[in-house]
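# Following is a predicted model, sequence given first.
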Amino acid sequence: MYGPDLANELAQPARSAGDESYVVTEINPNARLASNAVPNAFSCMLEQRLLEQQRQIIPFPSPGSIGLFNGPILMDINQSDELPVPGSNARAMAIPFPSLGSIGQFNGPTMADINQSDERPVPGSGTGAMEIPFPGPGSTTQFNRPTMADINQPDELPVPGSSAGAMTFPEQPPPPLVISDLLRSDLDQLYFERSHPFVPILNQRQYFSRAKKGEQTESQKCLQYAMWTIASCLSAQLQQIRASLYECTRQMLESLESNNNNTESTDIEHVQARVLLFIYEFMYENHQRAWINAGRCFRYVQLLRLYEIDSAKNVQKRSNELDTEDWIKIEEKRRTFWMAYSLDRFISIRHEWPLTLNEQISTRLPIPEEEFQRGQYLQMGFLSEAIASTDQNWSSPFTESIILATICGRALAHGQQSAVEHVYGNVPEHFWDRHEWLDMMLMIRSNNLLQNYLPATQHVDCMLLFTRMMAPTAVLYLCKVIESVAWETEEYSGAIAEFKQRSLVAAQEVVGLTRSISHLSYFKVHPFTPLPLGLCVEFFNAHRHLDEFVNKQAQEILQALNDLSTVNNLARDYLSSLSIKITGTSYL
């Protein structure tokens, strides 16, 4: 309490300045009770003592700050880090007071300032950037150091769904989908009935034996989910779980790859899962994403050196007598390589992309399907031997598909080499040498397919039907290569006209094989069947003058593409591109 004169003296400047924020209540001396009155001498001494103590903390207003309240406010008091420690010599002036331009604002350090680790003074360093006294030994005041809650401010946390902080911790695999035993059984059976015929890379007995044990590696789990993913897309009843299975498989593979720093520990099941996911993405996902992930698949094939399984040095490392399980494992590696090798060529020919896997191969061709599933050991030849030989004793649809994929790859390289030669302004005689060799090989393989496989067989074997369709399609591609060359003389005009007629016959053969698709369920058609169909329509569009029935035949191909588009994104992509290329035709 202040005396009445002192109270009036302090209140007068505030009134004169018009400041209503600070009001001192006047004390009525007559309000004191007589029974509790204190002698005036003692009262004056007490008030004088209090006034002296107050002056040590709150300085009186200076002439330049009349009407301003410069004492500690509630916000200052609550900042325990900025208060002088009791018992220390620190004074209130250690706290910066507001200036004239910041009346009513708190300009002291905030928690955001304290949390800036690069600005905090190190105790004992002598840094005077912040005059915050640390508690002494006799202090009872606790210094509020910034805790983890202070450091992890909400504005510094990664936003949910963003990639902030993603590299701090290794990615954890997503929890697997809840799949009942009955659904597992259905998906497994569906895979071997509808998927395995066009991607024959797994031994059925080996897979079921491993699955029943329940002890699978991460790579084997990825393979299992990849099998279920591609199986679900081949069933109308399981379409509702297709996207979930795909997303789960993709995340499992990415988690496996991000956590695996040892490239030598990559398993064959990992590569097999990549092959299956790559095929699924071409069927149901964006074509560009599928192609990019196909490149990743091919790199893993190279990483495991699957192109030299039967090289001399690898054969020497093996024991002379392999048990059935080890031999099946080696055969699965061979089949995985040849599947990736074939797909590399088939998908590259559409956009004329360069190949990833070359023909410098020392891996033997796969054995026939029946012997593979029985676990019967056979030794097949190499690719170069099969191309040069006419012996068909151990031929199979898979082997024929590999040989034809090789011819398609060479036709693609022939076209790319011709484009380079055209840039330099000359077309050497080697062009026709390459062209005639490819044409001859296509005729030989087509005749072998007709002689060794009855027409009825292609209705139940999707790989055989696809191989039969790709043979005449390669002829159409060779015709496209010839027409892309600017011939300056009439020397080869007769050969060019003759080959165009041969190409028309090849296109009509594709139309006839397309009718066989109607005998198959859409879910049993080879997923890359739209490739020969699309190339055939492009040929018809460019050569409508060759035959009066071209429009009708092209309509049959387009109808087949339209039917497949309900279950195949590759067919939808072809229809979309053809609608641009064939604008103005009567059959679109």
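That came through, no problem.
# Look up how far Ile230 lies from Thr566.
With distances taken as CB to CB, to the nearest Å, Thr566 is found 17 Å from Ile230. Where C-beta positions appear, they are placed from N, C-alpha and C, glycine not excepted.
# Can you list phi and psi of the nearest residue to Met283 once chain neighbours are set aside for me?
With CB to CB, 6 or more residues apart in numbering as the criterion, Met283 has its nearest non-adjacent residue at 4.9 Å, and that residue is Pro527. Note on Pro527: its backbone torsions stand at phi -60, psi -20 [degrees, to the nearest 10].
# Between Thr566 and Ile230, which has more neighbouring residues?
Ile230 (30 against 10; other CB atoms under 10 Å).
# Okay, and that one sits in which element?
Counting by DSSP states H and E, the element that carries Ile230 is helix 218-232.
# Same check on Ile279?
Per DSSP H and E: helix 268-284 holds Ile279.
# and that helix with helix 218-232, angle?
30 degrees (axes from the mean of the first three to the mean of the last three CA atoms, to 10 degrees).
# Buried residues, stretch 452-464. List them.
For stretch 452-464, a neighbour-count test (16 or more other CB atoms under 10 Å) marks Tyr453, Gln458, His459, Asp461, Cys462, Met463, Leu464 as buried.
# Flag the least confident of those.
Minimum pLDDT across these is recorded for Gln458, with 68.
# OK, contacts around the residue lying closest to Gln206 once chain neighbours are set aside?
Closest residue to Gln206 apart from its sequence neighbours, by CB to CB, 6+ apart: Ile328 at 5.4 Å. Residues in contact with Ile328 (CB atoms under 8 Å, 6 or more residues apart in numbering) are Asn203, Gln206, Phe372, Gly375.
# mind putting these in JSON lines, neighbour count included?
What follows is the contacts of Ile328, written out as JSON lines (neighbours: other CB atoms under 10 Å):
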{"residue": "Asn203", "neighbour count": "21"}
{"residue": "Gln206", "neighbour count": "17"}
{"residue": "Phe372", "neighbour count": "23"}
{"residue": "Gly375", "neighbour count": "15"}
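# Could you work out the most separated pair of those residues?
Gln206 and Phe372 (10.3 Å; CB to CB).
# Contacts for stretch 178-195, please.
Residues contacting stretch 178-195 (CB under 8 Å, 6+ apart): 202, 204, 207-208, 211, 227-228, 230-232, 234-235, 238, 276, 523-524.
# model confidence over that stretch, on average?
94.
# same deal with stretch 281-294?
89.
# contacting residues around it?
230, 233, 242, 246, 274, 277-278, 343-344, 347, 353, 527-528, 567-570, 573.
# now do 6 Å
Residues outside stretch 281-294 that contact it (CB atoms under 6 Å, 6 or more residues apart in numbering): Cys233, Phe278, Pro527, Asn568, Asn569, Leu570, Asp573.
# and the third one, how far is that from Leu234?
This means Pro527. Using CB to CB, which is the criterion applied here, Pro527 is 9 Å from Leu234.
# Show me how to select, in ChimeraX, the buried members of the contacts of stretch 281-294.
Buried residues among these (16+ other CB under 10 Å), as a ChimeraX selection:
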select :233,278,527,568,569,570,573
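# Point out where the stretch 151-300 of the chain drops to low pLDDT.
151-176, 262-264 (pLDDT under 70).
# Which stretches in it count as helices?
181-190, 204-213, 218-232, 239-259, 268-284, 287-303 (DSSP state H, counting those that start in this stretch).
# who are the neighbours in contact with the residue nearest to Met469 when sequence neighbours are not counted?
Distances taken as CB to CB, 6+ apart place Pro532 nearest to Met469, at 4.3 Å, with adjacent residues excluded. By CB under 6 Å, 6+ apart, the contact list for Pro532 reads Met469, Met470, Thr473, Val510.
# Name the member of the residues you listed with the most neighbours.
Met470 leads the contacts of Pro532 on contacts (other CB under 10 Å) with 30 neighbours.
# mean confidence for the one helix or strand Thr336 maps to?
Assigned by DSSP H and E, Thr336 belongs to helix 324-351. The pLDDT scores in helix 324-351 average 95.
# ok, and what's touching whichever helix or strand comes after that helix?
Per DSSP H and E, the first helix or strand lying C-terminal to helix 324-351 is helix 369-374. Residues outside helix 369-374 that contact it (CB under 6 Å, 6+ apart) are Pro200, Gln204, Glu331, Leu378.
# Helix 369-374: which residues count as buried?
Glu369, Glu371, Phe372, Gln373.
# Then stretch 472-484?
Buried-residue list, stretch 472-484, by 16+ other CB under 10 Å: Pro472, Thr473, Ala474, Val475, Leu476, Tyr477, Leu478, Cys479, Lys480, Val481, Ile482.
# Now do it: everything it contacts.
By CB under 6 Å, 6+ apart, stretch 472-484 touches 408, 411, 415, 418, 442, 496, 503, 506, 509-510, 532, 535, 539.
# Show the buried residues in those residues.
Here, 16+ other CB under 10 Å leaves Cys408, Ala411, Gly415, Ser418, Leu442, Ser503, Ala506, Glu509, Val510, Pro532, Leu535, Phe539 buried among the contacts of stretch 472-484.
# Now whichever strand or helix holds the second one: buried residues?
Assigned by DSSP H and E, Ala411 belongs to helix 397-423. Of the residues in helix 397-423, 397-415, 418 count as buried by neighbour count, 16+ other CB under 10 Å.
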